[in-house]
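**Student:** Predicted model, plus sequence, below.
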Amino acid sequence: MTKIVIVGGVAGGASAAARARRMSETAEIIMLERGEFVSFANCGLPYHIGGEIESRDALLLQTPESFKARFNVDVRVFNQVVAINRQDKLVHIQNLHTGEEYSESYDKLLLSPGASPIRPPIEGIDSHFVHSLRNIPDMDKVLSDLLIHQPKHATVVGGGFIGLEMVEALKHRGLDVTLLELADQVMNPVDIEMANMLHAKLVEQKVDLRLKTGLNKIQELPASLTEADSTDSYDEPVKPHYHLKLGLSDDSELMTDLVILAIGVKPETQLATNAELALGELGGIKVNNAMQTSDADIYAVGDAVETPDYVTGHASLVPLAGPANRQGRIAADNMLGVHAEPREYKATQGTAICKLFDMAIASTGLNEKSLIRQNIAYEKVYVHTASHASYYPGAHPVTLKLLFAPDNGKILGAQAAGLDGIDKRIDVIAVAQRAGMSVYELEDLELTYAPPFGSARDVVNQAGMLAANVLYGDEKICQASKLNNLSANQLIVDVRNPGELNNVGAIEGAVNIPLPQLRERLSELPKDKELLLLCQVGLRGHVAYRMLTQHGFNARNITGGYKTYQMVTASY
């Protein structure tokens, strides 16, 4: 009989425990959790704070009692593993309720310690008005603060997944919100022109967005006078009282009532380090594809481990629930020796999506920043089209960016944003990437179509067609980011109608010849210059490109058109 001890629950540990029991009725399984909750939906925490998820109990997926009843797993909450004795195969445990210390033997040990919120050494960061959000107790503290102190203004520090979700949650609760982000964009997994769509949405929702601005200092303010006592005159409005004064990296100050730290997370590796298990180059626990650590009888999964990036094979830290869940299942099978050959984890794509008010943004694979940083050759195209047939009511714009290898069309990554249908487009590309498809094959994917759901030529098909056109040499493209640095030998030809230029905007110095008039006005165009063809989203530019090149002109189509140019040049 195999004895498995699991340290930590939630996505990785709880998945491993459930899988191990399903695969073996005889194994002894003990799960040790230092907190109160062993299996909860931490991704749902912001949505309960914001009110979309009404019941707190809905976040509690399993309890120690339900785990025991359903899976016969011995779950011990408030039991913290303080040390691992690898030589004797023992874990030393402290009961946090009683202070009692005891030991448990193991045949196989699984570490699922997760990651902890980053709390930089900032003066005043320990104020009870400053919160992180990683688990149920964190959520309860935020809700308690909202109930007891009735804040009017909140400041969210960090524009990642949790930061953006908390901005929305706090706005739903009627608070004024400032978002501080030290980088030049929110949502690091996407590139800045895509993030600019999020910036626009934040500004539209009256969020005080401050990019390139960090938090340097937190100061608690003394309690204010009541409104009745603050003045004898009703002619002077009472100034609002705030609980905190923040010192910012741009030397300004910000008055607020509540701070949510969403700067990021770091892997919990102290237990592994003390046990002299190997760490990886990024500081996470090093594991092989079977999820084994440097000790063959100790496995690790989840946010604490480094796994290979799917595109490059390089080490990555990706704190997402989906990978942790899959890793837990793989580790369980391998600890039990279920299969003749160990099951292997197939690397991490980092596929993720975030909701921000009524829009969504999603990505898979590598972004352009990562490709540049790693000196990987790439090409990119943009698609702007409707979420379903535009003639059917309720269609919304979808923007998709596709990154691919210029030699063989290998899919390197994709990003999409809009109000509807974002998840399914990125999901399709994520599957295509994992299946080893190229952009050529995206063109041939047979996807569902009916006017309420999509188009006969889906967004993903269109992206594949555009990329294939580039690789086949059927179209030369120009990137919108290059348009503000043209040479004397280049000329922008805008083929939109004059009304569009007046209503939407135009690029200074561009020559406007509407596409229907282009054939009759070829004599107005120089053949000794490179013509950069511009329309609203790139489609008419492609038609113009095919026309002009067959008439002997040197041309390139600006991929994504003027809409991409607006995204690239937006400033917030």
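**Tutor:** Sure thing, it's come through.
**Student:** Next, the contact list for the nearest residue to residue 413 once chain neighbours are set aside, please.
**Tutor:** Distances taken as Cβ to Cβ, 6 or more residues apart in numbering place residue 365 nearest to residue 413, at 3.1 Å, with adjacent residues excluded. C-beta coordinates here come from the backbone N, C-alpha and C atoms, glycine included. By Cβ atoms under 8 Å, 6 or more residues apart in numbering, residue 365 lies in contact with 310-311, 349-351, 403, 411-414, 429-430, 433.
**Student:** least trustworthy helix or strand in this protein by mean pLDDT?
**Tutor:** One helix or strand of the chain scores below all others by mean pLDDT, DSSP states H and E: helix 227-230, with a mean of 41.
**Student:** Quick check: what element follows that helix along the chain?
**Tutor:** Per DSSP states H and E, the first helix or strand lying C-terminal to helix 227-230 is strand 244-248.
**Student:** Mind giving me the packing neighbours of that following strand?
**Tutor:** The helices and strands touching strand 244-248, judged by 3 or more Cβ pairs under 8 Å, 6 or more residues apart in numbering; DSSP states H and E, are strand 215-220, strand 253-256, strand 258-261.
**Student:** Of all the ones you listed, which one comes closest to residue 7?
**Tutor:** strand 258-261 (25.5 Å; Cβ to Cβ).
**Student:** what pairs with the helix or strand just after the closest one, and is each one parallel or antiparallel?
**Tutor:** Counting by DSSP H and E, the element after strand 258-261 in chain order, helix or strand, is strand 265-267. Using DSSP bridges, strand 265-267 pairs in its sheet with strand 115-117 (antiparallel).
**Student:** Would you mind listing the buried residues in the partner strand?
**Tutor:** The neighbour-count check on strand 115-117 (16 or more other Cβ atoms under 10 Å) flags 115-117 as buried.
**Student:** With stretch 347-354 instead?
**Tutor:** For stretch 347-354, by 16+ other Cβ under 10 Å, it's 347-352, 354.
**Student:** try stretch 456-468
**Tutor:** Within stretch 456-468, the residues that qualify as buried are 458-468, counting by 16+ other Cβ under 10 Å.
**Student:** and residue 269, what is it in contact with?
**Tutor:** Going by Cβ under 8 Å, 6+ apart, residue 269 touches 113, 279, 283-285, 304.
**Student:** Look up how far residue 276 lies from it.
**Tutor:** Distance, residue 269 to residue 276, by Cβ to Cβ, to the nearest Å: 12 Å.
**Student:** Same question for residue 147.
**Tutor:** In terms of Cβ to Cβ, residue 147 sits 46 Å off from residue 276.
**Student:** and what of residue 316?
**Tutor:** 24 Å.
**Student:** Over to residue 5?
**Tutor:** For residue 5 relative to residue 276 (Cβ to Cβ), the value is 18 Å.
**Student:** and the two? which has more neighbours close in?
**Tutor:** Ranked by neighbour count (other Cβ atoms under 10 Å), residue 5 and residue 276 place residue 5 first, with 25 against 10.
**Student:** and the closest residue in space to the more buried one that isn't next to it in sequence, how many neighbours?
**Tutor:** Leaving aside its sequence neighbours, residue 5 sits nearest to residue 106 (Cβ to Cβ, 6+ apart; 4.1 Å). Counted by other Cβ under 10 Å, the residues lying close to residue 106 total 22.
**Student:** Could you do the one 5 residues further on as well?
**Tutor:** A count of neighbours around residue 111, defined by other Cβ under 10 Å, yields 32.
**Student:** Residues in contact with the helix or strand containing residue 179: which ones?
**Tutor:** Element membership of residue 179 [criterion: DSSP H and E] is strand 176-181. Residues from elsewhere that reach strand 176-181 (Cβ under 8 Å, 6+ apart): 152-159, 163-164, 167, 170-171, 186, 202, 206-215, 248, 254, 256.
**Student:** Now, of those residues, which are buried?
**Tutor:** For the contacts of strand 176-181, buried by 16+ other Cβ under 10 Å: 153-159, 163-164, 167, 170-171, 186, 202, 207, 209-211, 213-215, 248, 254, 256.
**Student:** So which of the residues you listed are in helices?
**Tutor:** Counting by DSSP state H, the part of the buried ones among the contacts of strand 176-181 found in helices is 163-164, 167, 170-171, 202.
**Student:** still on that earlier bit, tell me the most buried of the helices and strands packed on strand 244-248?
**Tutor:** Looking across those with neighbours counted as mean count of other Cβ atoms under 10 Å, the highest average goes to strand 258-261: a mean of 24.
**Student:** Point out the other helices and strands that it packs with.
**Tutor:** strand 130-132, helix 136-149, strand 153-157, helix 161-172, strand 244-248.
**Student:** so which of the ones you listed comes closest to residue 219?
**Tutor:** Each of the helices and strands packed on strand 258-261 has some distance to residue 219 by Cβ to Cβ; the shortest is strand 244-248, at 4.6 Å.
**Student:** which neighbours does the closest one have in its sheet, and in what orientation?
**Tutor:** Using DSSP bridges, the strands paired with strand 244-248 in its sheet are strand 215-220 (antiparallel), strand 253-256 (antiparallel).
**Student:** Just the mean pLDDT for it, thanks.
**Tutor:** Strand 244-248 shows a mean pLDDT of 96.
**Student:** how much distance is there from it to the middle of the chain?
**Tutor:** Put simply, strand 244-248 sits 28 Å off its chain's centre (Cα atoms, centre = their mean, to the nearest Å).
**Student:** Could you give me the buried positions within it?
**Tutor:** For strand 244-248, by 16+ other Cβ under 10 Å, it's 244, 246-248.
**Student:** Low-confidence ranges, this structure, go.
**Tutor:** 224-240 (pLDDT under 70).
**Student:** Alpha carbons of the longest helix along it, as PDB, please.
**Tutor:** When the chain is parsed with DSSP H, its longest helix is helix 321-336. What follows is helix 321-336, C-alpha atoms only, in PDB (Å, rounded to 0.1, in the frame of the first residue of the first chain):
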ATOM      1  CA  ALA A 321      -5.100  27.100 -12.200                       C
ATOM      2  CA  GLY A 322      -5.400  25.100 -15.400                       C
ATOM      3  CA  PRO A 323      -1.700  24.000 -15.500                       C
ATOM      4  CA  ALA A 324      -1.700  23.300 -11.800                       C
ATOM      5  CA  ASN A 325      -4.800  21.000 -12.100                       C
ATOM      6  CA  ARG A 326      -3.200  19.000 -14.900                       C
ATOM      7  CA  GLN A 327       0.100  18.800 -13.100                       C
ATOM      8  CA  GLY A 328      -1.700  17.400 -10.000                       C
ATOM      9  CA  ARG A 329      -3.300  14.600 -12.100                       C
ATOM     10  CA  ILE A 330       0.000  13.700 -13.700                       C
ATOM     11  CA  ALA A 331       1.800  13.600 -10.400                       C
ATOM     12  CA  ALA A 332      -0.800  11.400  -8.800                       C
ATOM     13  CA  ASP A 333      -0.500   8.800 -11.600                       C
ATOM     14  CA  ASN A 334       3.300   8.800 -11.400                       C
ATOM     15  CA  MET A 335       3.400   8.600  -7.600                       C
ATOM     16  CA  LEU A 336       1.200   5.500  -7.800                       C
END
